[in-house]
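Peer 1: Return atomic coordinates for the entry below.
(chains A, B, C and D)
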4 protein chains.
Amino acid sequence: MPGKPKRAVLRKIRLVVLDVDGTMTDGRLYYGAEGEAMKAFDVRDGHGLRLLQMYAGVKLAVLTGRRADLVMQRCRELSIELVVGHSRAKGAAIEQIAIDAGVPLAEAAFMGDDVNDLPALRKVAFSCAPADAAPEVLREVDWVSRRQAGRGAVRELCEILLAAKARWPPE
Amino acid sequence: MPGKPKRAVLRKIRLVVLDVDGTMTDGRLYYGAEGEAMKAFDVRDGHGLRLLQMYAGVKLAVLTGRRADLVMQRCRELSIELVVGHSRAKGAAIEQIAIDAGVPLAEAAFMGDDVNDLPALRKVAFSCAPADAAPEVLREVDWVSRRQAGRGAVRELCEILLAAKARWPPE
Amino acid sequence: MPGKPKRAVLRKIRLVVLDVDGTMTDGRLYYGAEGEAMKAFDVRDGHGLRLLQMYAGVKLAVLTGRRADLVMQRCRELSIELVVGHSRAKGAAIEQIAIDAGVPLAEAAFMGDDVNDLPALRKVAFSCAPADAAPEVLREVDWVSRRQAGRGAVRELCEILLAAKARWPPE
Amino acid sequence: MPGKPKRAVLRKIRLVVLDVDGTMTDGRLYYGAEGEAMKAFDVRDGHGLRLLQMYAGVKLAVLTGRRADLVMQRCRELSIELVVGHSRAKGAAIEQIAIDAGVPLAEAAFMGDDVNDLPALRKVAFSCAPADAAPEVLREVDWVSRRQAGRGAVRELCEILLAAKARWPPE
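Peer 2: This is a model prediction of the structure:
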């Protein structure tokens, strides 16, 4: 089991990359007759991401193995500009994201929940998973949130970064 | 931990203001390709709000940091006329709501779940939070429901107000 | 707490009336920009209702305080012809349902979850509630399912009626 | 209670047939004004099914008592070509599926959750149910997942087959 994250590691993080399904959502894929129709995000995750940008100047990116268009509206609202979809090779994709963001992977965090996230998780300085991630992921990552995916896991990550880099709670 | 609310405080409440996401809903934001598509409200919360208006003459308002149009239909159905959206400054917004309602904040309650609700929570006579609110909010409020947001938290608030000001259960 | 239902009571039931929100669903009201957009029913509840009609010849009706049109498709699929909506006075409504069905209330069951269901619950031979009904309802009814509303409560009612009147499990 | 599945049984499975509602989903049927509008699948179930095809060469089929069109998009995405809907007689249907797939039922598995799945469950070499299946099903099947339907039950089945036939975790 991963222990408490080291403050020195948290302080240097300048880029946070997030998986979508099973990390920003609870993993449910809502399908209508035309295909995937909806995703359920969490309002407090979103608020945390906004504070992380505002108070700690952290850059955000989203990396998903599925269609990116369904997450674009949510990302736009959260001012997340780097959105990579349809990526089966997440290890290579996160390297490109780091280049595009101008932040080395040694100063990046990634949160993901499934075995296809492992190649990306292994490349970052701070690898994270929600409480209900796949066991194969929970075993490897540096930090596991107490809250579940789509129900505060991302918020918790924002809070520990804010606490180390700026302040938490705000104000 | 907040204790049992004082009956004298409950009796004077004439205005109840509610946050939406994470208070009237469980915090899930359902996004489709066109942006936010749905919110899930609770049928028993709604029934409680109707009884609170009918039997205790309490005025209702809704105060959200997000778009108000998605909640308008639900508010119309519940005869909630005061609906304020896109409000990043909830402290100032609740002051305006009190003026518009013609009820002083000393006779108002507010229920919210996240740190951006704190400025409004600090201004009212009776500050409330759902059981699954952010820890920073749970620490400060006068009263915490036993039920979760979007699953009866608002109903519970209606019941304690009805019990103090009129009667509960009805009839 | 209600005990085990008497077999003699169950055997005589020929009409089952169901509340919708909080009984056939988990009480969530999904609102889009145009108003209520969806309800979530349970597949196993539906299967139980079909078996109850087929093997025990029980008539079914639905009684809701809200719009009936959103439940019509589901009712049609389950061959439920008696659908009454917008009913604030459920006591009077269930009397009319019994007349329309040609079955006396002494041979009817009703399942509901909230205080506005009480007038109807008090009129039938066998009053039922889901495990997560309002406490005021749980206190009064003859029988409480172990499963929650929208997650098998209705199925459980079908099973005890089938066991008493025909057989359960089927075949 | 079923014990641990025998490795020899798992190794010979070349066809996996899945029920939809209550197996690939949590059993919720989302109805709009036009009828059933959505189903919620699980992202990790899907990933497991893809790996099962890729690394173990297992054929997949879907067998549902309801409309098949609502599941077609999800099945297409997962390269599931055999999709049978509107089937009230699942025992006969699974025999036809086996013929169409060119795999004998002695080398097939089926996962289902309700009593109408029993005729099909009794015909296959390896019968499976999610943790929250109907008690009548849990009693009869060879194997029960620890995870619930629509929340990883199918994924778990994929993992034990992959572990026996190829490797798990992958790579």
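
Peer 1: Would you mind giving both backbone torsions of A:Tyr108?
Peer 2: Slight slip there: residue A:108 is Ala, not Tyr. In terms of degrees, to the nearest 10, the main-chain angles of A:Ala108 are phi -120, psi 150.

Peer 1: Identify the residues contacting it.
Peer 2: Contacts for A:Ala108 (Cβ atoms under 8 Å, 6 or more residues apart in numbering or on different chains) come out as A:13-17, A:94, A:98, A:101, A:124-126. In this view, the C-beta of every residue, glycine as well, is placed from N, C-alpha and C.

Peer 1: which non-adjacent residue is nearest it?
Peer 2: A:Leu15 (4.2 Å; Cβ to Cβ, 6 or more residues apart in numbering or on different chains).

Peer 1: what does A:Ala89 give?
Peer 2: Nearest one to A:Ala89, counting by Cβ to Cβ, 6+ apart, is A:Pro119 at 7.2 Å.

Peer 1: I'd say that neighbour and A:Glu95 touch.
Peer 2: No: here A:Pro119 lies out of contact with A:Glu95, judged by Cβ atoms under 8 Å, at a distance of 10.0 Å.

Peer 1: Mind listing residues that contact the helix or strand harbouring A:Arg11?
Peer 2: Assessed by DSSP states H and E, A:Arg11 sits inside helix A:7-12. Contact partners of helix A:7-12, identified using Cβ under 8 Å, 6+ apart, comprise A:106-107, A:125-126, A:142, A:160-161, A:163-165.

Peer 1: do the same with stretch A:86-99
Peer 2: Stretch A:86-99 has contacts (Cβ under 8 Å, 6+ apart) with A:15, A:17, A:19, A:61, A:63-68, A:82, A:84, A:104-105, A:108, A:110, A:112, A:116-117, A:119-120, A:122-124.

Peer 1: Next up, phi/psi of the residue of chain A positioned farthest from its centre, please.
Peer 2: For chain A, the residue at maximal distance from the C-alpha centroid (Cα atoms, centre = their mean) is A:Ala33, at 29.6 Å. With angles defined as degrees, to the nearest 10, A:Ala33 sits at phi -60, psi -20.

Peer 1: That one is in contact with D:Ala68, isn't it?
Peer 2: No: counting by Cβ under 8 Å, A:Ala33 does not reach D:Ala68; the two are 11.3 Å apart.

Peer 1: Beyond the helix or strand hosting A:Met72, next helix or strand please.
Peer 2: In the assignment (DSSP H and E), A:Met72 maps to helix A:69-77. Using DSSP H and E, the helix or strand that follows helix A:69-77 in sequence is strand A:82-84.

Peer 1: Give me the contacts around that following strand.
Peer 2: Here strand A:82-84 has contacts from A:59-64, A:68, A:71-72, A:75, A:93, A:96-97, A:100-101, using Cβ under 8 Å, 6+ apart.

Peer 1: Can you give the distance from it to the centre of its chain?
Peer 2: 12 Å (Cα atoms, centre = their mean, to the nearest Å).

Peer 1: average pLDDT for the helix or strand following that strand?
Peer 2: Toward the C-terminus, strand A:82-84 is succeeded by helix A:90-101 as the next helix or strand (DSSP H and E). Average pLDDT, helix A:90-101: 97.

Peer 1: Please consider this matter closed, and thank you.
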